[in-house]
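**Q** predicted model, plus sequence, below.
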Amino acid sequence: MAGESARDIAQQRRLKAERLHRVADAYEKGAEGERRTAAALAMLPASGWFVLHDVRWPGRTFANIDHIVVGPGGVFVIDSKAWSGRVEVRDDVLRQNGRQRESAVAGAAEAAMAIAGVLHVNPVQVSPVLCFVGQAGLQGWARDVMLTTPDNLVAMLLSRPQVLDNRSVRRALLGLQTGLETARRTAVTSLPPRRVQMPRPKSGGRRTRTTLARLVGLLATVVLMLVGVNLLATHGDDLAHGIVGIGSADHSHGNQHQLGHGATLPAAAHRPPVTITADHAGTVHGVGTTPFLFDGNRFFGVRLTIHNIGKRPWVSEPSTTYQVVDASDVSHSGGTDIGIREGRVLTDPVRIAAGKTVRGYVVFQLPADEPVTGVSVTVGPGKPSTASWKIDRQ
């Protein structure tokens, strides 16, 4: 029948589009779950508790771990879940709408074992946690896996018996950061190189011409190297001065700026370029429904100006993080939902139309007696880009 094949193709395309929509919905739901869990973890006491978000799963190339918490109660590896329906534990088995979900329990345990391997500690010292968004009142255990919701997550973590003193907590955190970075580099370098199949010459004459071309290229390389050595010997100081000058003006990853200076973060997949300025930083004061401020802590705010210089909207979620570094070289995550006397707070998600600017504070809960030495902002998605500023006054 005329048009039958075209209708079949159209139907296949519609089915594919529906599948892609379902996948996109699942990713958006998962991102919202991770955001709510991160907001809950921001309420942990800054003194002695540290949180890492969205880290590479050691030993796996593409898998990530949602959150890792290090504190007096030990190390906790947290996986955020946004399941629908009824979630419960019956006979020590995790179930969703009556169906067992042992794979989630096993996955949480595997993640904890991977982190234990990075820290070189007994796996029993690292606790797996499943945090279920939208499941009011759920808490307990499925064998060795802790089950929580964002509402009771912090209370359950704080209720665990102390197994680490302050020095052990910091040692574990620094070991974790070093181990995760080593695992990340190992995963990147272990990827097999892409092999390019070169066509074989079909005749002896072509093979001879190829060999001659390679010899000419090799000789040209040697000549250029000799010229370069001579140039360095003659103008080395000028070249070094020029390189330093370029580096000091660069806004790329790894350079620290002074407060008040802007940093331009380039565009990436699904993200326009933005210019971010850390205007000033210091202690701020909560107002209204302020989150609980733990004894010995303070609210520390960094005022940011974010300008979208691209031609499409910029949204802070997913993969935009804010961190400060204290005098002990320990990182703290920020983004607490709080009202402050000093002005507007940037609460996720931040949306900025093309060509527009937003100003506001990012708030951290930190020990009152611990100076802050730097702040950084990392934006995503796509290849992440980071800008950082030095804080020498507050």
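**A** Cool, got the structure.
**Q** element containing the residue positioned nearest the centre of the chain?
**A** Among the residues of the chain, residue 54 comes closest to the average C-alpha position under Cα atoms, centre = their mean, at 4.6 Å. Take DSSP states H and E as the rule and residue 54 turns out to sit in strand 50-56.
**Q** buried stuff in that strand?
**A** Within strand 50-56, the residues that qualify as buried are 50, 51, 52, 53, 54, 55, 56, counting by 16 or more other Cβ atoms under 10 Å. Glycine gets a C-beta too; all of them are placed from N, C-alpha and C.
**Q** tell me which of these is nearest to residue 167?
**A** Within the buried residues of strand 50-56, the smallest distance to residue 167 is 13.5 Å, found for residue 50 (Cβ to Cβ).
**Q** the closest one pairs with what?
**A** Taking DSSP bridges as the rule, residue 50 bridges to residue 70.
**Q** how far away is residue 91 from residue 100?
**A** Computed with Cβ to Cβ, to the nearest Å, the distance linking residue 91 and residue 100 is 10 Å.
**Q** now do residue 127
**A** 22 Å.
**Q** sorry, back to before: out of residue 91 and residue 100, which sits in the more crowded spot?
**A** More crowded of residue 91 and residue 100, by other Cβ atoms under 10 Å: residue 100, with 14 against 6.
**Q** what's the closest non-adjacent residue to that one?
**A** residue 93 (5.2 Å; Cβ to Cβ, 6 or more residues apart in numbering).
**Q** report pLDDT for the one you found.
**A** On the pLDDT scale, residue 93 is placed at 88.
**Q** ok, now which ones touch it?
**A** Residues in contact with residue 93 (Cβ atoms under 8 Å, 6 or more residues apart in numbering) are 100, 102, 142.
**Q** can you tell me which of those residues lies nearest to residue 344?
**A** residue 142 (41.8 Å).
**Q** ok, that closest one touching residue 92?
**A** Yes - at 6.5 Å, residue 142 counts as touching residue 92 under the criterion of Cβ atoms under 8 Å.
**Q** more neighbours, those two?
**A** residue 142 (23 against 10).
**Q** got the contact list for the more buried one?
**A** Contacts for residue 142 (Cβ under 8 Å, 6+ apart) come out as 89, 92, 93, 94, 105, 130.
**Q** what's the farthest-apart pair in those?
**A** Maximum distance among the contacts of residue 142 (Cβ to Cβ): 14.1 Å, for 92 and 130.
**Q** just to revisit the earlier point, so what's the residue nearest to the centre of the chain closest to, chain neighbours aside?
**A** Spatial nearest neighbour of residue 54, chain neighbours left out: residue 64 (5.7 Å); criterion: Cβ to Cβ, 6+ apart.
**Q** the one you found: neighbour count?
**A** With other Cβ under 10 Å as criterion, residue 64 counts 12.
**Q** does it touch residue 53 like I think?
**A** No - using Cβ under 8 Å, residue 64 is not in contact with residue 53; the gap is 9.6 Å.
**Q** now do the shared contacts for those two.
**A** With Cβ under 8 Å, 6+ apart, residue 64 and residue 53 have no common neighbours.
**Q** quickly list what the residue lying closest to residue 370 once chain neighbours are set aside is bridged to.
**A** Closest residue to residue 370 apart from its sequence neighbours, by Cβ to Cβ, 6+ apart: residue 326 at 4.7 Å. With DSSP bridges as the criterion, residue 326 is bridged to residue 372.
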